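*Asks:* quick one: sequence and predicted model below, then my questions.
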Amino acid sequence: MKKIITISRQFGSGGRAIGKAVAEKLGIPCYDKEIIERVAESSGLSRDYIEATGEYSTHRTWLGRALSTTHAAGTLNNEDLIWVEQRKLILNLAEKGACVIVGRCADYILKNRSDVLSVFIHADDKSRAERIVRLYGERAEKPEKRLKDKDKRRSAYYKYYTETEWGVASNYHISLDSGALGIEKCVEIIACAYGDSE
């Protein structure tokens, strides 16, 4: 029986909205921004800092890893502290019961559990660019560049902490194109897959 759904997503694909809608449809909690709040409390770091770096790291190269304070001095730098706190929280949430967890490498953290349905949401660049302009407004930086930058940083973060490739379909139970299917259809498919696994 699958009781936990993890939603990994490309920036602008609507993964967050899909996760929330799936949780609402199934009557289970959805953890997204709530994770940021709880990690801020447990780590003592600011909510804004955690939101900015919790999935988007800056030193994710082999050189950065070799030179990071974690490896050089045996202590945790802020990014590693966030990872440790997020991981601990996600494991605790999974133990509490059925839920949807958006992002934060939850698919990897919970990969050894048999009760997890892992989902990856993606879409074409045009659909994603239109979505982020609609939701976040126009900015000086072109939407296509913002998409590329966010995805690159998210992928590097995932690779750094999991040593696994982000967004590869074979790493997930379901991979859905929200640009082609639409948000509502993605919600329906995930809810149906969750129900069929019971």
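*Replies:* Sure thing, it's come through.
*Asks:* use CA for all of it now, contacts and neighbours both
*Replies:* Fine.
*Asks:* please enumerate residues in contact with stretch 119-131?
*Replies:* 5-15, 143-144, 147, 167, 169, 172-180, 190 (C-alpha atoms under 8 Å, 6 or more residues apart in numbering).
*Asks:* once you drop chain neighbours, what's closest to the spatially most central residue of the chain?
*Replies:* With distances taken as C-alpha atoms, centre = their mean, residue 103 lies nearest the centre of the chain, 1.3 Å away. Nearest residue to residue 103, sequence neighbours excluded (C-alpha to C-alpha, 6 or more residues apart in numbering): residue 8, at 4.9 Å.
*Asks:* which residues of this protein score low on pLDDT?
*Replies:* 1, 53-76, 138, 140, 196-198 (pLDDT under 70).
*Asks:* please, where are all the helices along it?
*Replies:* 15-26, 33-43, 47-53, 62-67, 69-73, 78-96, 106-109, 125-136, 143-162, 178-181, 183-196 (DSSP state H).
*Asks:* columns mean neighbour count and distance to residue 119 on top of these, output as JSON lines?
*Replies:* As requested, the helices of the chain are exported to JSON lines (neighbours: other C-alpha atoms under 10 Å; distance: least, C-alpha to C-alpha, whole Å):
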{"stretch": "helix 15-26", "mean neighbour count": "20", "distance to residue 119": "9"}
{"stretch": "helix 33-43", "mean neighbour count": "17", "distance to residue 119": "18"}
{"stretch": "helix 47-53", "mean neighbour count": "15", "distance to residue 119": "22"}
{"stretch": "helix 62-67", "mean neighbour count": "12", "distance to residue 119": "28"}
{"stretch": "helix 69-73", "mean neighbour count": "13", "distance to residue 119": "31"}
{"stretch": "helix 78-96", "mean neighbour count": "17", "distance to residue 119": "16"}
{"stretch": "helix 106-109", "mean neighbour count": "21", "distance to residue 119": "8"}
{"stretch": "helix 125-136", "mean neighbour count": "15", "distance to residue 119": "18"}
{"stretch": "helix 143-162", "mean neighbour count": "18", "distance to residue 119": "15"}
{"stretch": "helix 178-181", "mean neighbour count": "18", "distance to residue 119": "12"}
{"stretch": "helix 183-196", "mean neighbour count": "17", "distance to residue 119": "8"}
